[in-house]
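**Q** Let's see this in three dimensions:
(chains A and B)
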Number of protein chains: 2
Amino acid sequence: MKQSASEGTPSSMSELNRSRIINFLFHHGISSRAQIAKATGLTAAAITKITARLIEYGVISETGDLEGALNRRSIGLRLNNARYQVIAVKFARSLVQIGIFDLSGSCKEIHDFPPIHNNDVVDAVMNLKQYINETIARNGSIVAVGMAVPGPYLSDEGRIASVTTMQMWEKVNFLREFHDAFAVPTFIEHDARSGALAQSLFGSQIDGNSLAYYLIGEGVGMGVIDGGALICGSRGTATEIGHISIDVDGKPCECGNFGCLECYCSTRAVKEMLLKPENRGIVEHVETLLPREACKRLFVKSSAGSAKAQRVVREISRYIAYGCVNIINGYNPRQIIIGDILSQAGQTMLDEVKRIVAERVLPELMDSTSIVLSDLPTDATLTGAAAVATNQFLRNPSRFVEGMDTPKR
Amino acid sequence: MKQSASEGTPSSMSELNRSRIINFLFHHGISSRAQIAKATGLTAAAITKITARLIEYGVISETGDLEGALNRRSIGLRLNNARYQVIAVKFARSLVQIGIFDLSGSCKEIHDFPPIHNNDVVDAVMNLKQYINETIARNGSIVAVGMAVPGPYLSDEGRIASVTTMQMWEKVNFLREFHDAFAVPTFIEHDARSGALAQSLFGSQIDGNSLAYYLIGEGVGMGVIDGGALICGSRGTATEIGHISIDVDGKPCECGNFGCLECYCSTRAVKEMLLKPENRGIVEHVETLLPREACKRLFVKSSAGSAKAQRVVREISRYIAYGCVNIINGYNPRQIIIGDILSQAGQTMLDEVKRIVAERVLPELMDSTSIVLSDLPTDATLTGAAAVATNQFLRNPSRFVEGMDTPKR
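**A** Numbering: from 1, shown residues only, chains lettered A, B, ... in the order given. This is a model prediction of the structure:
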């Protein structure tokens, strides 16, 4: 039942080498055996042997001739990204969404479940299982299911910790419900960490070994990749930047702490800011809008040049920047990628964030940290769920390709 | 010149297996081959072969008979900890200290260099090199040098970032000066991270896979081990808990940030607290004392039962606790180990820290995080420098034992 920490660790040296070759092709596209040898340090003989097996099982294919590095013509190899598909499931506060992706992160279809309420979560889980089982039965390309769940998610137990706004999902043990429920393996990860994986696998111009995906939406969360691996913590609840306090005597947070960053720059905090007397009228009828809607209208006005709207955006940006300062001093990533709803505040926000970070961080660290907006879809969580499954395929391909890893005896 | 990120990564599968066996013996003491097999998952044949080689080269030895797990008598194996020694070098603001340790963390000798001032740092580096070279020449057991340097240490460049109190050391490029300076390999790590390694290797009752070593002294620093590996960041400056702000509008810090934790619970902050009118008289002549001395006298009074001293200790403890709350939400370690000068505040401090943490952290996380005082010497940094070298021996033993890793062809 328990999702082991070693899940995804290659089971043998030959599996590790297969994984390295597949990873190289995943990140670099069509490449020659010589290029793979140079990058991985494997011998030509080893590469010939391993690629032969990967071709035999259809994981990779030969393409036409390439110009080799020494101008000798050589044959290209490519990962058959499109041959394998994964089911991605995103759980949010009242929403469940399912997508089908291939291994390149390309989305084939999306299905929204009807909004779930407190009293029908058990039925919802049952319907979801049935839907996934049917999908797997009709689609032989599916090799895994990836799930992204809101946090704080206790990955050792498989449940979400007690937080008022998550009461509905607290009843569900995700590991017990889903880990062995399907004909293909299922992998479950916290939503922000899933987003970080999505950035490292599918983002453009990303250094996948060192990044922080800083998600600012209904909640504030983060996933950090350090030295090529996700920072998880002992129970799977590390890197909760939204609950790092920026003022220990500040606003009370539902987690028990005071002054949590989440209290100052989530969508709800933005709506509260717009309701203040001095900001009245910037977004019309703000009191009737959902927080995310209020944010979107504010950002539209700001982008259109409204000085008042830009002033509010800059005020919010201060808090986003305080989070960035803590991320730099706390995790020292090469890149901070700002995602989710507040990333739509765009350049006005990004400029102000960089200005404040430059004031508060050592120059050496400022110069070596890039802060960018996510170029994945605003809601990267569904893509994140796909990344969770794709990542496992890349790390341990034999688990998903029947017969490829023949036992040694 | 550059210390590569892959340094310490075993170079082959056989080296990896050697490392696993040595690590098991390091952490579990005398063990039978059967116990090693059970724990590592290696076959009996592999263990026979690998241990034969380790015995041949004197890295491990057979001991007398053991009671086997099934009551069969079997031969014990032990790591020859005492056969190998490392030189440990601790750099502090004006102090350089050298120790010689064996692989069990036992200190054989300590040598203090005279205090270094701004204008003689170049000479000091030269003297240090000479001293180390002489030590290696006279002591054939020495296999490596480990160095612990104050932060923020940019491990990719090998220098300390610009901070006012570190100006002296900013002139020194540690990698360039020391990496290839001696007849044995040299490894350099940030002091708090070195301390975390020392805890994981030499601390009692420590889960070496998941811990935060929280160092509160002249500065406030931290080293975190997550999933068995140190969190380093892209430049080696991650987990700077002392520069995570607890109040973004708080006291200005020399790093450029405001409200850094270090401004509220370092030895200097304690002295400032004791200088306040309401605390006058708790420690006599406090204005003339070095901050560390003021702390020690305060803690002695507190332990002796002075209510006034205990009130100040509790006030400081609040800040230490705010750090713990950020550590739990930010890194979710199994254990927080409080070390350095302020750990001498003892049980009064620890009780107050736990009380405040319990108020501010989700119960699930509070219950699964233990907060303890370090049981290594108060200054764990020198031991940390030894741990940096010892850790490399455990990960890549052949590098330190001539001839053990015969090339394959």
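**Q** what's the helix or strand for A:I338?
**A** strand A:335-339 (DSSP states H and E).
**Q** what about chain A, any weak spots by pLDDT?
**A** Residue ranges of chain A with pLDDT under 70: A:1-11, A:67-73, A:163-166, A:378-379, A:406-409.
**Q** the domain parsing of it - what is it?
**A** As recorded under automatic domain parsing, the domains making up chain A are A:13-79, A:84-198+A:382-395, A:204-375.
**Q** what about the last one, how long is it end to end?
**A** End-to-end distance of domain A:204-375: 7 Å, with Cα to Cα, to the nearest Å as the criterion.
**Q** which bits of the stretch 101-250 of chain A sit near chain B?
**A** A:152, A:154, A:161-163, A:207, A:209-210, A:226-227, A:229, A:231-241, A:243-249 (Cβ under 8 Å from any Cβ of the partner chain). To be clear about C-beta, it is placed using only N, CA and C from the backbone, and glycine gets the same treatment.
**Q** Relative to A:N326, how far out is the residue in the stretch 301-409 of chain A positioned nearest to chain B?
**A** The nearest approach of the stretch 301-409 of chain A to chain B comes at A:N332, 2.6 Å away (Cβ to the nearest Cβ). Distance, A:N332 to A:N326, by Cβ to Cβ, to the nearest Å: 11 Å.
**Q** do the same with A:L175
**A** In terms of Cβ to Cβ, A:L175 sits 31 Å off from A:N326.
**Q** A:F393 too?
**A** In terms of Cβ to Cβ, A:F393 sits 34 Å off from A:N326.
**Q** do the same with A:V89
**A** According to Cβ to Cβ, A:V89 and A:N326 sit 31 Å apart.
**Q** Repeat that for A:H28.
**A** Taken as Cβ to Cβ, the span from A:H28 to A:N326 is 34 Å.
**Q** So between the two, which is more surrounded?
**A** It is A:N326, of A:H28 and A:N326, that has more neighbours when counted by other Cβ atoms under 10 Å in any protein chain shown, with 25 against 12.
**Q** Could you say which helix or strand holds that one?
**A** Assigned by DSSP H and E, A:N326 belongs to helix A:307-331.
**Q** helices and strands around that helix, which ones?
**A** Here helix A:307-331 touches strand A:210-216, strand A:220-226, helix A:262-265, helix A:267-274, helix A:291-303, strand A:335-339, helix A:346-360, helix A:363-367, going by 3 or more Cβ pairs under 8 Å, 6 or more residues apart in numbering or on different chains; DSSP states H and E.
**Q** Tabulate those (a markdown table), appending mean neighbour count and distance to A:H117.
**A** Below are the helices and strands packed on helix A:307-331 laid out as a markdown table (neighbours: other Cβ atoms under 10 Å in any protein chain shown; distance: least, Cβ to Cβ, whole Å):
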| stretch | mean neighbour count | distance to A:H117 |
| --- | --- | --- |
| strand A:210-216 | 29 | 25 |
| strand A:220-226 | 29 | 24 |
| helix A:262-265 | 26 | 24 |
| helix A:267-274 | 21 | 20 |
| helix A:291-303 | 20 | 19 |
| strand A:335-339 | 25 | 28 |
| helix A:346-360 | 18 | 34 |
| helix A:363-367 | 16 | 46 |
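**Q** Indicate the residue of the stretch 1-150 of chain A located nearest to chain B.
**A** Closest point on the stretch 1-150 of chain A to chain B, by Cβ to the nearest Cβ, is A:M13, at 4.8 Å.
**Q** pretty sure that residue is touching B:S14, no?
**A** No. Using Cβ atoms under 8 Å, A:M13 is not in contact with B:S14, being 10.0 Å away.
**Q** and those two? which has more neighbours close in?
**A** Per other Cβ under 10 Å, whichever of A:M13 and B:S14 has more neighbours is B:S14, with 17 against 11.
**Q** Would you mind listing what in the stretch 251-400 of chain A touches chain B?
**A** Residues of the stretch 251-400 of chain A lying near chain B (Cβ under 8 Å from any Cβ): A:255-259, A:322, A:325-326, A:329-334, A:359-365, A:368-369.
**Q** buried subset of the residues you listed?
**A** Among those, those that count as buried by neighbour count (16 or more other Cβ atoms under 10 Å in any protein chain shown) are A:255-259, A:322, A:325-326, A:329-334, A:360-362, A:364-365, A:368-369.
**Q** Tell me where chain A has helices.
**A** A:13-28, A:33-40, A:44-56, A:121-138, A:167-170, A:174-178, A:191-202, A:262-265, A:267-274, A:291-303, A:307-331, A:346-360, A:363-367, A:380-395 (DSSP state H).
**Q** Give me the angle between the first one and helix A:380-395.
**A** With axes from the mean of the first three to the mean of the last three Cα atoms, to 10 degrees as the criterion, the two stretches helix A:13-28 and helix A:380-395 enclose an angle of 140 degrees.
**Q** And helix A:13-28, what does it pack against?
**A** Checking 3+ Cβ pairs under 8 Å, 6+ apart, helix A:13-28 ends up next to helix A:33-40, helix A:44-56, strand A:60-67, strand A:73-79, helix A:380-395.
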